[in-house]
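**Q** Pasting a predicted model and its sequence here:
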Amino acid sequence: MSDLRVDVCANCGIESGDAVKLKDCTACRLVKYCGVDCQRAHRKRHKKACKQRAAELKDERLYGQGHERPEGDFCPICTLPIPIPMPKHSGFYICCMKKICFGCDVAAKKRGMHGCPFCRTSLSCNDADKLAMVRTRAEKKDPDAIFFLGQKYFFGEHFGLRKDTRKAVELLTEAAELGSIQAFFSLGNAYLRGRGYGVQQDHAKATEFFAKAAMEGHVESRFNLGCFEEQKGNHDRAVRHFLISAKMGDNDSVESIKRAFMAGIATKEQYAEALRGHQDAVEQMKRDGVEKDHAKATEFYMKAAMQGHVPSRYNLGCYEAKKGNFHRAVRHLLISAKMGEERSLAAIKKMFMTGLTNKEQYAETLKGYQCAAEEMKSHDRDEVKALPGGEL
Ligand SMILES: [Zn+2]
Ligand SMILES: [Zn+2]
Ligand SMILES: [Zn+2]
Ligand SMILES: [Zn+2]
C-alpha cells in the first residue's frame with residue numbers, strides 16, 4: 001500500500017530514497033519528516049491537525065477494544081462468564097488464583113469435595129500457611145498473586161498483614177506491569193480517592209488506569225469511564241461507554257442508559273440496543289438448565305397466548321420489552337389489553353410516558369381495554385341475573 005504513496009518530507013518536500021529515510025510523525029502518522037529539524041520547523045503548521053488525528057486514534061482504541069470480558073472473568077470449571085459484580089457470584093481460591101462460580105462451587109461441595117473445586121488442593125485454615133502459598137506464587141511473578149498481596153496491604157485486615165498503602169501501590173504497580181487487569185482498576189480507584197490510598201489524588205491518572213483496564217474488557221472500569229464523561233457533560237461519550245459495558249452484562253450501565261433515555265439524551269435505539277445486548281449477556285451467563293427452562297417457558301407462553309390465554313400474552317409482551325424489542329412488546333400488550341388485561345394497559349401507559357410508544361397506540365389500548373372491561377361487567381351482571389334469586 002505504502003508504495004503507492006509518494007513519500008515526501010512534509011516540511012522540505014524531499015523524497016524518500018537511499019540517502020533519505022523518512023520517519024512518521026508518531027503521534028498522528030499522517031505525515032513524514034526527513035529529520036528532527038524539519039519536524040521542528042513544521043510543528044506550528046502541523047500542530048492542530050496532529051492533535052486532532054491523535055485524539056481520533058486514541059478514541060478508536062478506547063471505544064474499539066475491550067468488548068469481550070477477560071479470561072479471568074470466566075469460571076474455569078463450567079467456562080461460563082461469571083455474573084457482575086463477580087465477588088457476589090463467585091468464590092476465590094488462592095491455591096490457583098481462580099474465581100469459581102457459585103454454581104460449580106456448591107456442586108463440588110455437594111459432591112463432598114472439600115478442597116479447591118478446580119485444582120483440588122486442600123486449603124489450610126492457618127493464615128501463615130495461606131500467606132506463604134500466595135508469597136510463593138508472587139515470587140514466581142504471578143500477576144494475580146502480586147495483585148492479591150497488594151489488595152491485602154491496602155486494607156491490612158487479613159493474613160496478619162499490617163496496612164501499608166505505599167507497599168500496596170508498589171505491588172499493584174508491579175502486578176499491572178505484569179498484565180493484571182484488576183490491578184489497573186485498583187490503581188484507578190486509588191488515584192480517584194487519593195488520601196489514604198498511598199497516592200496523591202489525580203483524576204487524570206485514575207481515568208488513564210480505568211481506560212487501560214476497560215480496553216482489556218474490565219466491566220466496572222468501563223462503567224466508571226462512562227460516569228466520568230457523564231459528569232463532564234459529554235453525554236454522547238458516556239452512552240458509548242455504557243453501551244459497551246451493558247452488552248457485557250452490567251446492570252448499572254443499562255440503568256444509566258435508561259436514565260439518559262428518559263432525560264432525552266440517549267435515543268430509543270440506543271436504549272433498545274443496551275437492553276437487548278444486556279439480555280443476551282445475561283442469558284449467556286446462565287447455566288444450561290436455567291437457559292433451557294427459559295426457552296421452554298417462552299414456548300409455553302406462545303402456545304397458550306395463541307389459544308387466547310391472556311396472562312401468557314402479557315408475559316410475552318414483558319419478555320420482548322426486556323429484550324428491547326418495544327415494537328413486538330406493544331403488539332403483545334395491545335392484544336392482551338384488548339382482552340381486559342389491566343397489567344398490559346399499565347405497561348403500555350408506562351411505555352407511552354417514557355416515549356417508547358406513541359399516543360395513538362396508547363389511545364387504542366385504553367379504548368380496547370375499556371371496551372373489554374365494560375363487556376366483562378355486563379357479563380358479570382348477566383350471570384348474576386341468571387342465578388335464581390340472584391337479583392340484588
Ligand atoms: Zn525535510
Ligand atoms: Zn503529527
Ligand atoms: Zn462454574
Ligand atoms: Zn485451586
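**A** Sure thing, it's come through. Residues are numbered from 1 along each chain as shown. Ligands and ions are numbered 1, 2, ... in the order given.
**Q** and the gap between the nearest residue to residue 163 once chain neighbours are set aside and ligand 1?
**A** Take residue 163 and drop its neighbours on the chain: the residue closest to it by Cβ to Cβ, 6 or more residues apart in numbering is residue 156, 2.7 Å away. Bear in mind the C-beta positions are built from the backbone N, C-alpha and C, glycine included. Going from residue 156 to ligand 1 by Cβ to the ion, to the nearest Å gives 58 Å.
**Q** Residue 156 and residue 167 touch, don't they?
**A** No - at 9.7 Å, residue 156 does not count as touching residue 167 under the criterion of Cβ atoms under 8 Å.
**Q** Tell me where the stretch 201-350 of the chain is predicted with low confidence.
**A** Scanning the stretch 201-350 of the chain for pLDDT under 70 picks out 287-295.
**Q** Where do the strands of the chain begin and end?
**A** Ranges of strands within the chain are 23-24, 32-33, 90-93, 98-101, based on DSSP state E.
**Q** wait, which of the ones you listed is closest to ligand 2?
**A** Among these, strand 23-24 comes nearest to ligand 2, with 8.3 Å by Cβ to the ion.
**Q** In stretch 229-242, which residues are buried?
**A** Of the residues in stretch 229-242, those buried by neighbour count under the rule 16 or more other Cβ atoms under 10 Å are 229, 230, 235, 237, 238, 239, 240, 241, 242.
**Q** which residues touch the last one?
**A** Contact partners of residue 242, counting by Cβ atoms under 8 Å, 6 or more residues apart in numbering, are 223, 226, 253, 254, 256, 257, 260, 274.
**Q** how about the strands of the chain in JSON lines, adding mean neighbour count?
**A** Formatted as JSON lines, the strands of the chain follow (neighbours: other Cβ atoms under 10 Å):
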{"stretch": "strand 23-24", "mean neighbour count": "12"}
{"stretch": "strand 32-33", "mean neighbour count": "20"}
{"stretch": "strand 90-93", "mean neighbour count": "18"}
{"stretch": "strand 98-101", "mean neighbour count": "22"}
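**Q** May I see those strands organised as a markdown table, with mean pLDDT added?
**A** Shown next, in a markdown table, are those (pLDDT from 0 to 100):
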| stretch | mean pLDDT |
| --- | --- |
| strand 23-24 | 93 |
| strand 32-33 | 94 |
| strand 90-93 | 92 |
| strand 98-101 | 94 |
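**Q** Need these in JSON lines (columns: distance to residue 194).
**A** Listed next are the strands of the chain as JSON lines, based on distance: least, Cβ to Cβ, whole Å:
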{"stretch": "strand 23-24", "distance to residue 194": "38"}
{"stretch": "strand 32-33", "distance to residue 194": "41"}
{"stretch": "strand 90-93", "distance to residue 194": "27"}
{"stretch": "strand 98-101", "distance to residue 194": "29"}
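**Q** and of the ones you listed, who's closest to ligand 4?
**A** strand 90-93 (4.2 Å).
**Q** So the closest one, near ligand 3 or not?
**A** No - Strand 90-93 is not in contact with ligand 3 by Cβ under 5 Å from the ion; minimum separation 8.0 Å.
**Q** Can you dump the C-alpha atoms of that strand in PDB for me?
**A** Taking Å, rounded to 0.1, in the frame of the first residue of the first chain, the C-alpha atoms of strand 90-93 are listed here in PDB:
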ATOM      1  CA  SER A  90     -18.000 -16.500  42.800                       C
ATOM      2  CA  GLY A  91     -15.500 -17.800  45.300                       C
ATOM      3  CA  PHE A  92     -11.800 -17.100  45.000                       C
ATOM      4  CA  TYR A  93      -9.200 -19.700  45.600                       C
END
